[in-house]
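Trainee: model the structure of this input:
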Amino acid sequence: MFVTQCVRRCAVLTPDKPALVCGNRTTTFGELRDRVARCAGGLLELGLTPGARVAILGINSDRVLELMYGSICAGGAPHNVNIRWAVPEQAYAIDDSGATMLVVDAHFADRLPALRAQCPSVEHVLYLGDGAAPDGTLSYEDLVAKSGPVPDQCTDPDAVAFLNYTGGTTGLSKGVMLTHRGVMAAVSIVLADRFVHPGMKTAFLLPLFHIGGVLQPLASLLVGNTTVLLPTYVPLDAIRLIHEQRIEQMFMVPTMIQMIVDHPDFGHYDLSCVTHIGYGGSPISEALVSRIREKLPHARLMQIYGQTEGLPATFLPDEDHVSGMDRLRSAGRPAPGCEIRIVDGDGNETAAGVIGEVAIRGPHLMAGYWNKPEQTAKARKGGWLYSGDAGYLSRDGYLYVVDRVKDMVVTGGENVYSAEVENALAKHPAVAGCAVIGIPDDKWGEIVHAVIVLKPGQQVDGEGLQAHCRELIANYKLPRSVEFRDALPLTPVGKVNKVALREPHWKGRERRVG
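Mentor: Sure thing, here's the model as predicted:
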């Protein structure tokens, strides 16, 4: 199947049922199919060629989803740009993708001059906002209204359907190529293990640039669920949306769930409708599970583990979310159609209980990194995806992730590569040396922590370093705590000893990741 089957199926079965709800707009399955086909027609008239990338920069909306699927229907590949990134990060990804079309909404229209100047491949800019389109852009609504629908242009199941950018261990983002075949295999897996339940009204609360923005809406559309979109995540707005729309299932990272159940206004709303909460991005604490059981007593929990390059890999069902049970610390068992093995430094499979790198195999893995054959070769070996996570398998097949091979911090479900932050810090004139690590935090799982060595005679404080970095990298990547040292500890070969830097912060904890 092609990705566009998810748009077409219920347009035949239940054409008048709401497919998408966004604010005061409701789009039925029949209307969605028509608008996607018209969007595709308009993009083809503008000259979109097979395989061309369409960069989309906007907050969650029904229109963003239409453009994603319209791009695919026209034979292109959407690239949802990370809305949390700073302009230089966004410009790098758009330019790296070679996108010929750029789509922005009203929230990012002011970034257009800078993005256009740094992204020479962009030939056309579409405007998603209401009202008149800014100079040099085309109105998306005008495009849909004036264009005729076209047949689905998808012909190759191994063509790239989505280009999702993730952080880079060298400080540069990598475009993950997800094919029609791979995406539809992933959709089938999340449906097979009921991570997405058919017949439920679903809230989409994550940003659409996440891998969840690929899989969850497609799975919901394929089985005929109504998806309600929250433009940006504000805890009280999420609570109100769940209450007013009578949401039955939703998908978040643990920090987002915590913000809901701990909100001071939680008791003013009826959230008894929630029966299923899927989460991922980081583990969940026993304390948070207890609060969810108390405040959302009808909700069943399921954790999903994986990464943009290969999601899902494992699931941890509700029955394993038991306080005091060892399985709650795990990421679950392999998902249907997926294999997990743990390998040592030579690529040999380890015995149960022995820590090594987590490797994943299945029909849903990425095709590779865009224009990065060497990094693709390192990540994909012999049909397996090497995750960069360190862990072990128990004798009964549960995966326990205990550390990371990659130099990465996961804070609030967002991946932050230390090199990205270190590159930004190193550009400050007062910084002679720096190292970035993740340290434990009760709310975010981990926070970004910077260790700084200043140049002789130079002064800067933590706030000054944050302000400097804010111009270069996204807000969630900023160091939340800073310590200053006379020198950084080094390994015998002269590399920064991050194990020594982490040790005092993680001492006494069984898991070395948040």
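
Trainee: domain map for this structure?
Mentor: 26-155, 409-506 (automatic domain parsing).

Trainee: among those domains, which is the most enclosed?
Mentor: domain 26-155 (a mean of 20; mean count of other CB atoms under 10 Å). All C-beta spots, glycine's among them, are computed from the backbone N, C-alpha and C.

Trainee: quick one: average pLDDT of that one?
Mentor: Averaging pLDDT along domain 26-155 yields 97.

Trainee: do the same with stretch 449-469
Mentor: 95.

Trainee: and the contacts of that stretch?
Mentor: For stretch 449-469, contacts defined as CB atoms under 8 Å, 6 or more residues apart in numbering pick out 421, 424-425, 427-439, 477-488, 501, 505.

Trainee: who does Y369 bridge with?
Mentor: Beta-bridge pairing of Y369 under DSSP bridges involves V176.

Trainee: can you count the residues close to it?
Mentor: Using other CB atoms under 10 Å, Y369 has 23 other residues around it.

Trainee: for it, give its distance to L163.
Mentor: 10 Å (CB to CB, to the nearest Å).

Trainee: shared neighbours of these two, anything?
Mentor: G175, V176, M177.

Trainee: before we move on, back to that, with distance to A192 added, can I get the domains of the chain in CSV?
Mentor: As requested, the domains of the chain are exported to CSV (distance: least, CB to CB, whole Å):
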stretch, distance to A192
domain 26-155, 22
domain 409-506, 24
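
Trainee: and the ones you listed: which comes nearest D193?
Mentor: D193 lies closest to domain 409-506 among these, at 20.3 Å (CB to CB).

Trainee: end to end on the closest one, go ahead and measure it.
Mentor: As for domain 409-506, its first-to-last residue distance stands at 13 Å under the measure CA to CA, to the nearest Å.

Trainee: walking through the stretch 251-400 of the chain, point out its helices one by one.
Mentor: Under the criterion DSSP state H, counting those that start in this stretch, the stretch 251-400 of the chain carries helices at the ranges 254-261, 286-295, 373-379.

Trainee: right, and those - which one's nearest L46?
Mentor: Per CB to CB, nearest to L46 of those: helix 373-379, 30.8 Å.

Trainee: which residues sit against the closest one?
Mentor: So helix 373-379 is contacted by K174, E309, G368, Y369, L385, Y386 (CB under 8 Å, 6+ apart).

Trainee: got a pLDDT number for the first one?
Mentor: Spelled out, that is K174. 94.

Trainee: that one: neighbour count?
Mentor: Neighbours of K174 using other CB under 10 Å come to 26.

Trainee: show me the contacts for it.
Mentor: Contacts of K174 (CB under 8 Å, 6+ apart): Y165, T166, G167, G168, Y369, W370, K372, Q375.

Trainee: neighbours of the residue nearest to S290 when sequence neighbours are not counted, how many?
Mentor: Residue nearest to S290 in three dimensions, not counting chain neighbours: S323, with 6.2 Å by CB to CB, 6 or more residues apart in numbering. As a burial measure, S323 scores 10 neighbours (other CB under 10 Å).

Trainee: mind checking the backbone torsions on S323?
Mentor: phi -60, psi 130 (degrees, to the nearest 10).

Trainee: where is the longest helix in the chain?
Mentor: Identified as the longest helix of the chain according to DSSP state H is helix 29-45.

Trainee: D441 and G412 touch, don't they?
Mentor: No: D441 is beyond contact range of G412, at 9.1 Å (criterion: CB atoms under 8 Å).

Trainee: which other helices and strands contact the longest helix of the chain?
Mentor: helix 5-13, strand 18-22, helix 62-73, helix 140-146 (3 or more CB pairs under 8 Å, 6 or more residues apart in numbering; DSSP states H and E).

Trainee: following element in sequence after that helix, please.
Mentor: Per DSSP states H and E, the first helix or strand lying C-terminal to helix 29-45 is strand 53-57.

Trainee: can you give the strand pairings for that next one, parallel or anti for each?
Mentor: Here, using DSSP bridges, strand 53-57 pairs with strand 77-80 (parallel), strand 101-104 (parallel).

Trainee: off-centre distance for it?
Mentor: Its chain's C-alpha centre and that of strand 53-57 lie 16 Å apart, by CA atoms, centre = their mean, to the nearest Å.

Trainee: just stretch 124-137 next, same as before
Mentor: 27 Å.

Trainee: ends of that stretch, what's the gap?
Mentor: End-to-end for stretch 124-137, by CA to CA: 7 Å.

Trainee: nearest residue to the middle of this structure?
Mentor: H210 (2.3 Å; CA atoms, centre = their mean).

Trainee: what's the separation between that one and A379?
Mentor: From H210 to A379 the distance is 19 Å (CB to CB).

Trainee: using PDB, list the CA coordinates for stretch 475-487.
Mentor: Output in PDB follows, covering the C-alpha atoms of stretch 475-487 (Å, rounded to 0.1, in the frame of the first residue of the first chain):
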ATOM      1  CA  ASN A 475      15.300  26.800  23.200                       C
ATOM      2  CA  TYR A 476      14.900  23.200  24.400                       C
ATOM      3  CA  LYS A 477      18.600  22.600  23.600                       C
ATOM      4  CA  LEU A 478      19.800  25.400  25.800                       C
ATOM      5  CA  PRO A 479      21.900  24.400  28.900                       C
ATOM      6  CA  ARG A 480      19.600  24.600  31.900                       C
ATOM      7  CA  SER A 481      22.500  24.400  34.300                       C
ATOM      8  CA  VAL A 482      26.100  25.500  33.900                       C
ATOM      9  CA  GLU A 483      29.200  24.800  36.000                       C
ATOM     10  CA  PHE A 484      32.600  26.400  35.500                       C
ATOM     11  CA  ARG A 485      35.900  24.500  35.900                       C
ATOM     12  CA  ASP A 486      39.600  25.200  35.500                       C
ATOM     13  CA  ALA A 487      40.000  22.200  33.200                       C
END
